[in-house]
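# here are the coordinates; sequence isn't available:
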């Protein structure tokens, strides 16, 4: 077997006797054996669709790829936390977390993989990752009731995976040109238990359709969300914690159309991680639905405070087209930029320029239209090319 792997230059499940005609349990064992046998720096390649009965556990330092029609799903009657996840996510012995994380987090590459829930059940995410400098490109996450791809700093018990003092960094992960569709949870979720572990990542040119939410960053600093298109989501982008964060060249269609309780925002930005936290939004196009079945405030961008945050947040919005698609009879405030639960210690400072806020239909008298609604001592400067402040009804 070793000589055959060396000759081929890659490893496949079929080398370990996986075949679509065999049972899901047999194929799962063969897939896992093939992944474990793939040497560091080598490629694991899948060319047939398979339903699995257990998560496929993987390590870093390898390339995982698949042909176009090869998809991993969950077998009928089976409930698992994820279709694919690192060994470290399953490690619960605190003493082993650091050593296991070191083996796992070396740079993996995922190229062209496809994941779905199939006839079984996934309880966490289609794919979990505890990586540093990983690349996930041209992958597909579809048809599931949970998150699509979740990068996390936690194991299955919620403990921080990497406990070593000088080594708590899962930085530089990149998610590029991936497709997310028909997911009940987040399309892409960066879940950071600390403020600085999952830092400096990139989500570029993602296609997100009909998901509970688009991109959620509960993370530290240095993230970039660049390019891509999102449609039919409740919230396109949620920043729970942020600093030195950039959102640019993103197109959002039909945000806010999910029938969920509470506020609806195309972009929801929580508290920054430090005093003077920076957020830049540029060249963004947002079209947001006002659904007659929903009540509550609608906002293109909604800032909200978070306990433990810094005193001031610096937000610059340079270049944006924001349009509401209205429905008569809708209640609640409609606004371009709003701020909630903010005291004097959580102020927004910044500049808005080259932005346009419009509404394409009339609304009834109970709707209060406001392009910018801030609280506390927040101050936003309007540039010469800001097209407002009146929304066009």
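Cool, got the structure. Just so you know, these numbers come straight off a predicted model, no measurement behind them. Residues are numbered from 1 along each chain as shown.
# CA atoms for contacts and neighbours, from now on please.
OK.
# pLDDT below threshold where in the stretch 251-393 of the chain?
256-263, 272-273, 275-276, 290-297, 305-312, 326-335, 340-346, 359-393 (pLDDT under 70).
# Endpoint to endpoint, stretch 67-85 covers what distance?
End-to-end distance for stretch 67-85: 20 Å, by Cα to Cα, to the nearest Å.
# starting at the chain centroid, how far to that stretch?
Chain-centre distance of stretch 67-85: 20 Å, with Cα atoms, centre = their mean, to the nearest Å.
# Can you tell me what sits against that stretch?
Identification of contacts with stretch 67-85 by Cα atoms under 8 Å, 6 or more residues apart in numbering yields 24, 45-58, 112-129.
# change it to 7 Å
For stretch 67-85, contacts defined as Cα atoms under 7 Å, 6 or more residues apart in numbering pick out 24, 46-58, 112-129.
# Please pick the buried ones from the residues you listed.
The neighbour count (16 or more other Cα atoms under 10 Å) marks 24, 46-58, 112-118, 120-122, 124-129 as buried among those.
# What about the contacts of stretch 67-85, which are in helices?
In this view, the contacts of stretch 67-85 that belong to helices under DSSP state H are residue 24.
# Model confidence score at the residue nearest the centre of the chain, please.
For the chain, the residue nearest the mean C-alpha position is residue 188 (2.2 Å; Cα atoms, centre = their mean). pLDDT, residue 188: 98.
# Go ahead and confirm residue 87 touches residue 56.
No. The pair residue 87 / residue 56 is not scored as a contact, 9.0 Å apart, by Cα atoms under 7 Å.
# ok so, going back, tell me which other helices or strands the helix or strand where the residue nearest to the centre of the chain lies touches.
Secondary-structure assignment from DSSP states H and E places residue 188 in strand 179-191. Contact here means 3 or more Cα pairs under 7 Å, 6 or more residues apart in numbering; DSSP states H and E; on that basis strand 179-191 packs against strand 140-144, strand 147-152, strand 207-218.
# contact partners of the first helix or strand past it going along the chain?
Where DSSP H and E defines the elements, the next helix or strand beyond strand 179-191 is strand 202-204. Residues outside strand 202-204 that contact it (Cα under 7 Å, 6+ apart): 173, 174, 175, 176, 177, 223, 224, 225, 226, 227, 228.
# Give me the neighbour count for the second one.
Residue 174 is flanked by 20 other residues according to other Cα atoms under 10 Å.
# could you measure it against residue 144, distance?
Per Cα to Cα, residue 174 is found 22 Å from residue 144.
# go on, residue 35?
To residue 144, residue 35 is 24 Å away according to Cα to Cα.
# For the two, indicate the residue with more neighbours.
Shown here are residue 35 and residue 144; by other Cα under 10 Å, residue 144 has more neighbours (25 against 22).
# quick one: which of the contacts of stretch 67-85 sit in strands?
Counting by DSSP state E, these place 46, 50-52, 56-58, 114-118, 121-122, 125-129 in strands.
# and which of the contacts of strand 202-204 is nearest to residue 28?
Nearest to residue 28 among those is residue 175, at 26.2 Å by Cα to Cα.
# right, and the closest one touches residue 133 too?
No. Taking contacts as Cα under 7 Å, residue 175 lies outside contact range of residue 133: 10.3 Å.
# ok, these two, which is more surrounded?
Ranked by neighbour count (other Cα under 10 Å), residue 175 and residue 133 place residue 175 first, with 21 against 18.
# since we're on residue 202, how many residues are nearby?
Here the number of neighbours of residue 202 (other Cα under 10 Å) works out to 18.
# ok, now residue 62?
Neighbours of residue 62 under the rule other Cα under 10 Å: 20.
# and the end-to-end length of stretch 173-185?
First residue to last in stretch 173-185 (Cα to Cα) measures 20 Å.
# what stretches of the stretch 101-250 of the chain score poorly on pLDDT?
Looking at the stretch 101-250 of the chain by pLDDT under 70, you get 101-104, 162-168, 194-195, 220.
# Excluding covalently adjacent residues, which one is nearest to residue 55?
Distances taken as Cα to Cα, 6 or more residues apart in numbering put residue 83 closest to residue 55, at 4.7 Å, once the chain neighbours are dropped.
# Against residue 73, how distant is the nearest residue to residue 19 once chain neighbours are set aside?
Leaving out its chain neighbours, the residue that sits closest to residue 19 by Cα to Cα, 6+ apart is residue 27, at 6.7 Å. Computed as Cα to Cα, the residue 27 to residue 73 distance reads 12 Å.
# Good, we can wrap up now.
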